[in-house]
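**Q** Test case, fold it:
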Amino acid sequence: MSRREASDRVVVTGVGWITPLGHDVEEVWGNLLAGKCGIGETAHFDASTFPTKFCAQVKDYDYRKYVKQPELHEGIGLNTAYALGAASQAWSRSGLDAYDASGDLNHERLGIYLGSGEGSLDFDNYVGANLHAWSADDREIESVKWAEIAKQRFEATREVEQEPNMPLTHLAMEFEAMGPAYNCLTACAASTQAIGEATEILRRNDADVMITGGAHTMIHPFGVTGFNRLTALSNRNDDFMTASRPFSADRDGFVLGEGAGIMILERYEHAKARGAKILAEITGFGSTADAYRITDMHPEGRGAAGAMNKALADAERGVDDVDYISAHGTGTKENDSIETKGIKAVFGEEAPNVPISSVKSMMGHLIAAAGVCEAIVCVLGIRDQKLPPTINLNNPDPECNLDYIPNVARERKVEVCLSNSFGFGGQNDTLIIEKV
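**A** Next comes the predicted model:
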């Protein structure tokens with residue numbers, strides 16, 4: 001399918017994910033095709049006084065069963081724990097474990113590019129320090145007193161492990177990756193941007209293999225408070241299993257999720273030389289900024305359309321080549337209507353003919369990790385010639401009048417997929433993923 005020279009081609013040889021729908025590639029994929037929902041009442045903290053009392057959480061998960069040396073990873077945050085599980089799956093499925101054991105893998109040409117966010121915050125001790133250092137007379141926090149209390153209460157390892165760069169650090173140790181190492185945090189577009197930029201690293205021959213994707217959890221009091229104050233979250237507490245309703249007229253916000261997704265990308269020639277099973281190819285990447293507002297997409301979807309056009313141009317594809325769009329599809333009033341406008345602007349008369357779906361309707365919004373999971377959906381859709389649905393789409397928005405694969409998965413010939421991610425603040429990234 002690719003129109004590139006073999007030396008410029010970048011292929012996918014492994015995928016893995018840890019999500020609210022499970023911890024195994026086939027389990028999660030089966031649940032997506034079956035239209036199952038991973039949303040439940042918030043358990044990470046007491047959310048009984050919050051406007052939104054539910055989310056999509058990873059359940060019954062222990063990273064230790066995925067790693068070779070658990071002692072290297074003691075005290076990690078949830079972001080890193082999820083990344084380790086997803087990466088372990090992707091690494092094994094790529095066959096790199098056996099290749100590495102043979103001594104043939106050049107670790108100096110094994111790189112990592114993640115789009116990961118922060119881990120779980122030490123909320124109780126942080127708030128406790130604030131309260132104990134508060135001066136009611138001066139109506140301010142006494143900084144010296146705060147530092148004294150924080151020194152007593154805070155645990156150094158836990159504080160460090162909250163940082164967005166730590167998943168990369170632990171993956172580098174776990175896989176002895178000594179090549180290029182980057183992490184970006186461009187909000188909800190982060191892991192899609194990471195995949196695109198990892199692709200560019202491989203194209204310019206700065207590495208042979210890249211571990212890429214992302215991990216994130218914002219299911220903590222600060223995260224939920226922030227999104228509630230922005231009125232971005234659904235408040236459908238009486239019917240939370242159907243609360244994520246992308247493209248529906250009665251949608252009232254997104255459902256916060258968490259997890260990780262990892263892809264193993266390789267130079268085509270490297271993958272072929274070692275006899276790897278190639279799952280798909282990354283043929284196009286487009287990235288733009290809205291240059292509009294920090295809290296809004298451009299109302300005409302100019303940034304979204306720009307990213308799609310750039311990705312198609314990079315892949316040397318026309319709109320009539322695209323068999324499926326993995327939508328950003330958050331379930332907010334603004335995103336779904338603007339993404340639809342962007343798709344119409346790019347695809348024109350072809351827009352109604354392209355199947356589109358949003359898996360956020362089932363697994364919630366994984367924020368920095370959302371894009372990679374939606375890209376993995378494209379890889380598996382190409383493999384199985386099946387497309388997951390957008391569930392809870394029973395009352396379509398008249399402004400969102402495209403084919404969003406409502407409620408039931410669909411069998412279809414799938415060779416070229418487009419995957420969208422649009423980050424809060426106006427970051428837009430699009431991938432083209434193709435059958436090899």
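
**Q** make it CA atoms for all contacts and neighbour counts henceforth
**A** Noted.

**Q** quick one, what contacts the closest residue to residue 424 other than its chain neighbours?
**A** With Cα to Cα, 6 or more residues apart in numbering as the criterion, residue 424 has its nearest non-adjacent residue at 5.7 Å, and that residue is residue 187. Taking Cα atoms under 8 Å, 6 or more residues apart in numbering, we find residue 187 in contact with 117, 367, 368, 423, 424, 425, 427.

**Q** Among the residues you listed, name the buried ones.
**A** In the contacts of residue 187, burial by neighbour count holds for 117, 367, 368, 423, 424, 425, 427, counting by 16 or more other Cα atoms under 10 Å.

**Q** Tell me the secondary structure at the third one.
**A** Which is residue 368. Classification of residue 368 using DSSP: H, G, I helix; E, B strand; the rest coil returns helix.

**Q** Quick check: phi and psi at the closest residue to residue 54 other than its chain neighbours.
**A** Nearest non-adjacent residue to residue 54, counting by Cα to Cα, 6+ apart: residue 41, 4.1 Å away. Backbone geometry at residue 41, expressed as degrees, to the nearest 10, gives phi -70, psi 140.

**Q** ok, residue 41 touching residue 50?
**A** No: here residue 41 lies out of contact with residue 50, judged by Cα atoms under 8 Å, at a distance of 11.7 Å.

**Q** what about these two, which has more around it?
**A** Neighbours were tallied for residue 41 and for residue 50 using other Cα atoms under 10 Å; the higher tally belongs to residue 41 (17 against 13).

**Q** what separates the more buried one from residue 57, distance-wise?
**A** Plainly put, residue 41 is 9 Å away from residue 57 if you go by Cα to Cα, to the nearest Å.

**Q** Quickly find the element holding residue 272.
**A** Element membership for residue 272, per DSSP states H and E: helix 268-273.

**Q** Quick one: low-confidence residue ranges for the stretch 101-250 of the chain.
**A** Low-confidence regions of the stretch 101-250 of the chain, defined by pLDDT under 70, are absent; no residue qualifies.

**Q** Touching, residue 181 and residue 110? I think so.
**A** No: in this structure residue 181 lies outside contact range of residue 110 using Cα under 8 Å: 9.2 Å.

**Q** Pick out whichever of those two has more residues nearby.
**A** Counting neighbours by other Cα under 10 Å for residue 181 and for residue 110 shows that residue 110 has the greater number, 22 against 19.

**Q** who touches the more buried one in this structure?
**A** For residue 110, the contacting residues are 177, 178, 179, 180, 207, 208, 209, 210, 211, by Cα under 8 Å, 6+ apart.

**Q** cool, and residue 42?
**A** Shown in contact with residue 42 (Cα under 8 Å, 6+ apart): 53, 54, 55, 56, 57.

**Q** cool, residue 143 as well?
**A** For residue 143, the contact set (Cα under 8 Å, 6+ apart) comprises residue 133.

**Q** State the distance from it to residue 154.
**A** 15 Å.

**Q** Likewise for residue 381?
**A** The span separating residue 381 from residue 154 equals 45 Å under the rule Cα to Cα.

**Q** what about these two, which has more around it?
**A** Legend: neighbour count by other Cα under 10 Å for residue 381 and residue 154, higher for residue 381 (25 against 15).

**Q** so who does that one touch?
**A** Neighbour list for residue 381: 387, 414 [criterion: Cα under 8 Å, 6+ apart].

**Q** which element is it on?
**A** Per DSSP H and E, residue 381 falls inside helix 370-384.

**Q** From the chain's centroid, how far away is that helix?
**A** The offset between the C-alpha centroid of helix 370-384 and the centroid of the whole chain comes to 11 Å, using Cα atoms, centre = their mean, to the nearest Å.

**Q** ok, and for that helix, which residues are buried?
**A** Applying a neighbour-count criterion of 16+ other Cα under 10 Å, the buried positions in helix 370-384 are 370-382.

**Q** Stretch 119-127 too?
**A** Of the residues in stretch 119-127, those buried under the neighbour-count criterion (16+ other Cα under 10 Å) are 119, 120, 121, 122, 125.

**Q** Just the ones of the residues you listed in helices?
**A** Where those overlap with helices, as defined by DSSP state H, the overlap consists of residue 125.

**Q** Among the buried residues of stretch 119-127, which pair sits farthest apart?
**A** Among the buried residues of stretch 119-127, the pair separated by the greatest distance (Cα to Cα) is 119 and 125, at 15.5 Å.

**Q** so which of the contacts of residue 110 is the most crowded?
**A** Comparing the contacts of residue 110 by number of neighbours (other Cα under 10 Å), residue 209 comes first, having 34 neighbours.

**Q** Tell me how far it lies from residue 100.
**A** 12 Å.

**Q** Equivalent analysis for residue 314, please.
**A** Computed with Cα to Cα, the distance linking residue 314 and residue 100 is 32 Å.

**Q** circling back to that earlier point, okay, and which of the contacts of residue 110 map to strands?
**A** Judged by DSSP state E, the subset of those located in strands is 209, 210, 211.

**Q** nearest spatial neighbour of residue 345, skipping sequence neighbours?
**A** Beyond its immediate neighbours in the sequence, the residue positioned closest to residue 345 (Cα to Cα, 6+ apart) is residue 305, lying 6.6 Å away.

**Q** tell me the phi and psi of the one you found?
**A** On the backbone of residue 305 - angles per degrees, to the nearest 10 - the values are phi -60, psi -40.

**Q** So which bits of the helix holding residue 272 are buried?
**A** Neighbour-count burial for helix 268-273 flags 268, 269, 271 (criterion: 16+ other Cα under 10 Å).

**Q** Would you convert those residues into a markdown table that also reports distance to residue 14 and pLDDT?
**A** Listed next are the buried residues of helix 268-273 as a markdown table, based on distance: Cα to Cα, whole Å; pLDDT from 0 to 100:
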| residue | distance to residue 14 | pLDDT |
| --- | --- | --- |
| 268 | 13 | 98 |
| 269 | 16 | 97 |
| 271 | 11 | 98 |
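
**Q** Check these against residue 394 and report the nearest one.
**A** residue 268 (42.8 Å).

**Q** and that closest one, how far is that from residue 410?
**A** 30 Å.

**Q** what does residue 269 give?
**A** 34 Å.

**Q** So residue 410 sits against residue 387, correct?
**A** Yes: under the criterion of Cα under 8 Å, residue 410 is in contact with residue 387, at a separation of 5.2 Å.
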